[in-house]
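Novice: Sequence and predicted structure are below.
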Amino acid sequence: MKYEAVIGLEVHAQLATKSKLFCPCSTAFGAKPNTNICPVCSGQAGALPVLNKMAVEMAVKSGLALGCTIQEKSIFARKNYFYPDLPKGYQISQYEKPLCLNGHLDIVTDGKLKRVHIQRIHMEEDAGKLLHETGHENFSHVDLNRCSTPLIEIVSGPDLSTPQEAADTYRKLRNILVYLEVCDGNMQEGNLRCDANVSLRPIGAKAFGTRSEIKNVNSFKFLENAIAYEIKRQAEILDGGGKVVQETRLWNQAKQMTTSMRSKEEAHDYRYFPDPDLLPLVVDTLWIEKIKSSLPELPEAKAERFVSDYGLPEQDAQVLTAEKPMAHYFEECIVGFNAPKKIANWIMAELMRELKSRELDITQIKMKPNQLAHMVALIENGTISGAIGKTIFMEMLNSGTDPDKIIEAKGLKQVTDTSTIEIVIDKIIAKETENVQRYKSGKTNVFGFFVGAVMKEMGGKANPKIVNEILRKKLN
Amino acid sequence: MKVKELSEKLARKEIASVEITESYFKKIEKLNPKLNCYLTLCKESALKTAKESDERRSKGKTLGPLDGIPIALKDIFITEGVKTTCASKILENYNPPYEGTTAAAFKKAGAVLLGKLNMDEFAMGSSNEFSAFGPVKNPWNLDCIPGGSSGGSAAAVAADLCVAATGTDTGGSIRQPAALCNIVGLKPTYGRVTRYGLIAFASSLDQAGPMTKDVTDAALMMNVMAGFDPMDSTSLNVPVPDYTASLTKPINGLKLGIPKEYFIDGIDSEVKQAIEIAAKKYETLGAKVETISLPHTKYAVPAYYIIAPAEASANLARYDGVRFGLRTPKPEDLLDLYEKSRTFGFGPEVTLRIVLGTYVLSTGYYDAYYLKAQKVRTLIKKDFLEALQKVDAILTPTAPTPAFKIGEKTDDPLKMYLSDIFTIPVNLAGLPALSLPCGFSKAGLPIGMQLIGKHLGEEKLFQIGFAYEQATEWHKRRPAL
């Protein structure tokens, strides 16, 4: 039978606050275990939570950017379960009354626009971490540094039908959150985590099939792989006359498969109830308006502006605005040299390729936007050739040295002096008598050979236009 | 010795704090084996604090009326560096790594901490028989319970093993033992006194308050305890008055309401009579007494025994043997660690309430129990708000009977739970209530009355209580030990 997949995402994003959700402890990543803790986040007897206002503001920002209705009154609840990384024995989360409801996100997959429903965004605190590899070999250790760092959970509707759509949604969500500066979006550090709910139903059917929830899909690629695997797995079960079991499954990237983590029967009864230590969270209209007015330009609006203001093709605008630091880098370049398309080409072809192969992001490179801009300007005004530009580009990327200094140090300045070029050309024509004959007999495609020979002789520094002109004159 | 009395003596330099502190420790050494009030004594630090207070005073400086006064805290108040057990085996060796706000406030006021007082484990109980460290005896009759859960505090104040003490009140835990031991106890408005550094039982009901020998002392203690605490989200950000300022205001013309629903079957006839006499006394003092109705009273106890255990079941989840407190020595696995640590660490009443609370929050039962109980709570609150529009305060018995015998009700939780039948509704409504001595039974056991006030109406309660105290002698009686 033919099936269609029904996919929904639950994305956990760590908010980029300096302090934790309910205490003043630092949220810094990578600190020595159990150094960023206090009586509150370590669950000491008698300690109480106090809500971090900045976290609320960031959550509201996210809600507004995703078109949600911000709830004037939302409730923090206790989610009860025992685990050593959960000091209080419950997680403070929002359950029945979350902060944000009913938003949406537009994605484009294979050129098709789709509106994905955002069911809700709620705030909650993170748990700590169990460390099994450090310390005494017979014991597990608990690091509570991450306890109570602020998270938002973004829940999409079951609106996605392919692994690609799911990955596009996740990617777009990440971009928006990073744009808003409410989340660092670093998936390696667990800043952003995604679970996917996947079920199948016969094409055309209305009712949902039984779903499984896939956890531990921490990159866009993993998410695609995991969902693709899960669709195949479920289809095989259904085709074999079996029933899909409602369960939580874990993605194993090494084995490229999902494995069962716990079934519905083993699921916890979390016994949610409103946390009596916290008053209902009230976000009034005035506050919402204030936050709204502070929202930055989001990717879609920025791309539109890149098309209208810089005259970039739609495709270039999309690529350049996908990530905020890249868009920012581009605009900084434009300040240095106002040639948007030329700069865009350098960024999209050379820079992005190098970033990818070096596994760096734009904020980690030494080359400053004004340096790249200046180099492009030097090409445009004929000081250097495009080929030399590439050499300089690599050098700037490696060392962050100014293009002028590189040119001077390496003597890369383009030679535009016709007499110097003429001497070299004469020398080559004198030596390559055979090729001269061939050219004169009508085989004009050897012209390129002469250009190459001159450039080689001059270390690539000769102005190609002038070389062309003189060569043509001499050969004809 | 009372706070005011001792404070004046210290001011006149008739006595030194060190001297009085030493004499309290002597008395504790003599009587505590009989009464079992104290779980921890802080002799060394107390004498040091007392000495500092004396030195301050000799330089003409003082931190206020509590400076140099020996007090004691219920062992539910977090004290940095002083064991805080909540009378539970699970916290038997818990040495808090931080200072609770209330303990800090008393330190700042110069008070001398004698020690930590016995209580029902995690404040769950009405007789102090559920302490993991043995029951407290009632100083008026050593065969009787002192009330609970702040039984150690009530007995210590009554037997003068401290000048004043603190208690906490979730369903009557300050007022009921105060009544049963012939002292004064105030449960303040919810949010008036911080809960930061108070080991949580039921967070929406818990409130700390003073337990003292008279109303004036309660007012002096409240001046230290009350106030906004940014560390407690439910703390009220409202200025604190000087609670001693309005004590002497006349009460003529004030209206007191007596709820007809409080004179139920099962109320002790001597208690009933004592309240009637107290009401008459108020009339002679110029107050008007009228009958009022609080129609949802009978639902208060059942609602309370859903809400309080529900909150407790979550509040006590942190005692899991992982980070602090008791941990079973050789667990087989994680589940075994939890099960053994908690089974061994918690006593029977605490276990019962955790199970009860877990049950009422479970999927499929939540709406029928927890949600319904919350609706009842709203109705009870409404009853009080309506009644308190007509009267200035509500006069009731604090407890339905005087102190009962040790062991009399431990096997019958429902009977035990009725000890708090008159105090529980007040916690559900979040209102302040004062218990003060108003008589004795023929058997020589104290009887207390309860004055319930409006939201943040502590001053008026003190005023009404003080007027009665001035006109009566009950509070002056001390047990012979």
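Specialist: Received the coordinates, thanks.

Novice: What degree of burial does A:Ser140 show, as a neighbour count?
Specialist: Using other Cβ atoms under 10 Å in any protein chain shown, the number of residues around A:Ser140 comes to 14. To be clear about C-beta, it is placed using only N, CA and C from the backbone, and glycine gets the same treatment.

Novice: Check the spacing between it and A:Leu131 real quick.
Specialist: 7 Å (Cβ to Cβ, to the nearest Å).

Novice: Assign A:Leu278 to helix, strand or coil.
Specialist: Assigned state for A:Leu278: coil (three-state reduction, DSSP: H, G, I helix; E, B strand; the rest coil).

Novice: check contacts around the closest residue to it other than its chain neighbours.
Specialist: Nearest non-adjacent residue to A:Leu278, counting by Cβ to Cβ, 6 or more residues apart in numbering or on different chains: A:Phe76, 4.6 Å away. Listed by Cβ atoms under 8 Å, 6 or more residues apart in numbering or on different chains, the contact partners of A:Phe76 are A:Leu51, A:Ile92, A:Ser93, A:Gln94, A:Met123, A:Pro274, A:Asp275, A:Leu278, A:Leu281.

Novice: so where does the third one fall, helix or strand?
Specialist: With elements delineated by DSSP states H and E, A:Ser93 resides in strand A:90-94, which encompasses its position.

Novice: touching chain B at all, that strand?
Specialist: Yes: with Cβ under 8 Å from any Cβ of the partner chain as the measure, strand A:90-94 is seen reaching chain B through A:Tyr90.

Novice: and that strand, what other elements does it pack with?
Specialist: On a contact count with 3 or more Cβ pairs under 8 Å, 6 or more residues apart in numbering or on different chains; DSSP states H and E, strand A:90-94 meets strand A:76-80, strand A:112-125.

Novice: Need the winner for burial among these.
Specialist: strand A:76-80 (a mean of 24; mean count of other Cβ atoms under 10 Å in any protein chain shown).

Novice: Write out the residues of the stretch 101-250 of chain B neighbouring chain A.
Specialist: Residues of the stretch 101-250 of chain B lying near chain A (Cβ under 8 Å from any Cβ): B:195-200, B:202-204, B:230-234.

Novice: Filter these down to just the buried residues.
Specialist: B:195-200, B:202-204, B:231-234 (16 or more other Cβ atoms under 10 Å in any protein chain shown).

Novice: Contact partners for A:Ala377?
Specialist: So A:Ala377 contacts A:Gly336, A:Phe337, A:Ala339 (Cβ under 8 Å, 6+ apart).

Novice: Now name the helix or strand holding it.
Specialist: Per DSSP H and E: helix A:369-380 holds A:Ala377.

Novice: Can you name the residue of the stretch 101-250 of chain A nearest to chain B?
Specialist: The nearest approach of the stretch 101-250 of chain A to chain B comes at A:Val142, 6.9 Å away (Cβ to the nearest Cβ).

Novice: ok, that residue - contacts?
Specialist: A:Val142 touches A:Asn34, A:Pro84, A:Asp85, A:Gly128, A:Lys129, A:Leu130, A:Leu131, B:Val322, B:Arg323, counting by Cβ under 8 Å, 6+ apart.

Novice: can you tell me which helix or strand it belongs to?
Specialist: Per DSSP H and E: strand A:141-143 holds A:Val142.

Novice: Then B:Ala50?
Specialist: Per DSSP H and E: helix B:43-58 holds B:Ala50.

Novice: For that helix, list every residue counted as buried.
Specialist: B:Ser45, B:Ala46, B:Leu47, B:Thr49, B:Ala50, B:Lys51, B:Glu52, B:Ser53, B:Asp54, B:Arg56, B:Arg57.

Novice: quick check, the following helix or strand past that helix touching chain A?
Specialist: Using DSSP H and E, the helix or strand that follows helix B:43-58 towards the C-terminus is strand B:70-74. No: Strand B:70-74 lies out of reach of chain A by Cβ under 8 Å from any Cβ, never closer than 12.1 Å.

Novice: Spell out the secondary structure type for the residue of chain B found nearest chain A.
Specialist: Closest contact between chain B and chain A, by Cβ to the nearest Cβ, is at B:Ala317 (2.4 Å). Of the three states, B:Ala317 takes helix under three-state DSSP.

Novice: isn't it right up against A:Pro87?
Specialist: No: taking contacts as Cβ atoms under 8 Å, B:Ala317 lies outside contact range of A:Pro87: 9.6 Å.

Novice: higher neighbour count, these two?
Specialist: Per other Cβ under 10 Å, whichever of B:Ala317 and A:Pro87 has more neighbours is A:Pro87, with 26 against 22.

Novice: what's near enough to touch that one?
Specialist: Counting by Cβ under 8 Å, 6+ apart, A:Pro87 has contacts A:Cys41, A:Ser42, A:Gly43, A:Gly128, A:Leu144, A:Cys147, B:Arg318, B:Val322, B:Arg323.

Novice: before we move on, the earlier item: list the contacts of the residue of chain B closest to chain A.
Specialist: Residues near B:Ala317 by Cβ under 8 Å, 6+ apart: A:Asn80, A:Phe82, A:Lys88, A:Gly89, A:Tyr90.

Novice: give the contact list for the second one.
Specialist: Residues touching A:Phe82, when contacts are defined by Cβ under 8 Å, 6+ apart, comprise A:Gly89, B:Ala317, B:Asp320, B:Tyr338.

Novice: separation between the second one and B:Asp206?
Specialist: If I follow you right, that is B:Ala317. Shown here: B:Ala317 relative to B:Asp206, a distance of 16 Å by Cβ to Cβ.

Novice: Tell me who's in contact with B:Gly364.
Specialist: Taking Cβ under 8 Å, 6+ apart as the definition, B:Gly364 has no contacts.
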